[in-house]
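S.K.: Below are the sequence and a predicted model; questions follow.
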Amino acid sequence: MAKSSEVEDNATLNSEIIPKKIDKENRSQTISVYDQIRPKNEGSFMSTVREWEKMAGFKTPIVWINTIAISLAHALVLVSVYFLIIDGRYYPKWQTIVFQCLSIVLTTFGIGAGAHRLWSHRAYKAKLPLQIILVIGYTMAGMNDLYQWVRDHRVHHKFSETSADPHDANRGFFFAHVGWLMTKKHPDVIREGKQVDMSDIDNNPLIQFHLNKIMPRENWVVSFFVLGEGWHNYHHTFPWDYKAAELAFPFNGTTNLLDLFAKIGWAYELRVAPPSLIEKVAKTKGDLSYHKE
């Protein structure tokens, strides 16, 4: 549940960042959020593009390298679907299909159980062998480095649906899911990201190895299958619950895998919201659709 200090922070950040004012030749002029973080000295062509972005209503400048890379990734998926399903002339070997399925499970497990539940929320503890598996899975997913993922997610929870939220839902469905990867961060996001406590990540040797030796920055790939990461409301109510969801099987593959590793002792001290607390919150603040396991 949100602490009172977090509620106050949210209230403060519900409005856009206060525009800076400058005085030039005795005239008061307002600098927009867009212009505050607009790249400088990009040349005449990009200056024209930036003016178009402003007229189109973008709050922050587009990062075109990310936008092109993400668009191409989705285009390749559509092309692959065409050749595999519609055209029918190309069909992968069964070994390729098995490898792909295992890769999907490993990468989503690395994101959900690793970056999200273990390192962002510390919802459970993991021994080194499991941490290595999680780092490998996360790295294979091709996302940003772990430090940035954890930092942005902690800021997202503290300032959810405000201008300091990296994927602020108030800026629309597309922005909240994909668009935030295609634009520069709002100044509020940058400011609060510098304040969030990341000492546990800084002091984790495995993550530091991942950051310094393995993971390149700005390497974006969108994941379609999330293995139990979609229970947004429950997770925001109980972010420390390792399940990240009210229900487990069959809709929470990451939880099922964590339970498996818990049985062999590689995952332990799994934190869970007590059923009595869930029921109490559901009755007082929920939509009366509480499900008992």
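M.R.: Perfect, thanks for sending it.
S.K.: for the closest residue to D200 other than its chain neighbours, phi and psi?
M.R.: Nearest residue to D200, sequence neighbours excluded (C-beta to C-beta, 6 or more residues apart in numbering): R122, at 7.3 Å. C-beta here means a position set from N, CA and C on the backbone, and glycine is covered the same way. As for R122, its main-chain torsions (degrees, to the nearest 10) stand at phi 50, psi 40.
S.K.: Could you give the number of residues near R122?
M.R.: Summarising burial for R122: neighbours were counted as other C-beta atoms under 10 Å, giving 14.
S.K.: Would you check that it makes contact with W240?
M.R.: Yes: counting by C-beta atoms under 8 Å, R122 does reach W240; the two are 7.3 Å apart.
S.K.: quick one: the top helix by length along the chain to chain centroid distance?
M.R.: Longest helix in the chain by number of residues, with DSSP state H as the criterion: helix 64-81. Here the centre of mass of C-alpha atoms in helix 64-81, compared against the chain's by C-alpha atoms, centre = their mean, to the nearest Å, lies 19 Å away.
S.K.: list the buried ones in it?
M.R.: For helix 64-81, the neighbour count (16 or more other C-beta atoms under 10 Å) marks 66-67, 69-70 as buried.
S.K.: And stretch 130-143, by the same measure?
M.R.: Quick answer for stretch 130-143 (16+ other C-beta under 10 Å): 130-131, 133-143.
S.K.: what's the most distant pair in the residues you listed?
M.R.: L130 and G142 (21.2 Å; C-beta to C-beta).
S.K.: quick one: low-confidence parts of the stretch 101-250 of the chain?
M.R.: The model of the stretch 101-250 of the chain has pLDDT under 70 over residues 214-233, 236, 245-250.
S.K.: all helices of it, in order?
M.R.: Using DSSP state H, counting those that start in this stretch, the helices of the stretch 101-250 of the chain run over 128-140, 146-158, 173-177, 187-195, 199-202, 205-209, 232-237.
S.K.: Which strands and helices lie in contact with the first one?
M.R.: Other elements packing on helix 128-140 under the criterion 3 or more C-beta pairs under 8 Å, 6 or more residues apart in numbering; DSSP states H and E are helix 94-109, helix 146-158, helix 205-209.
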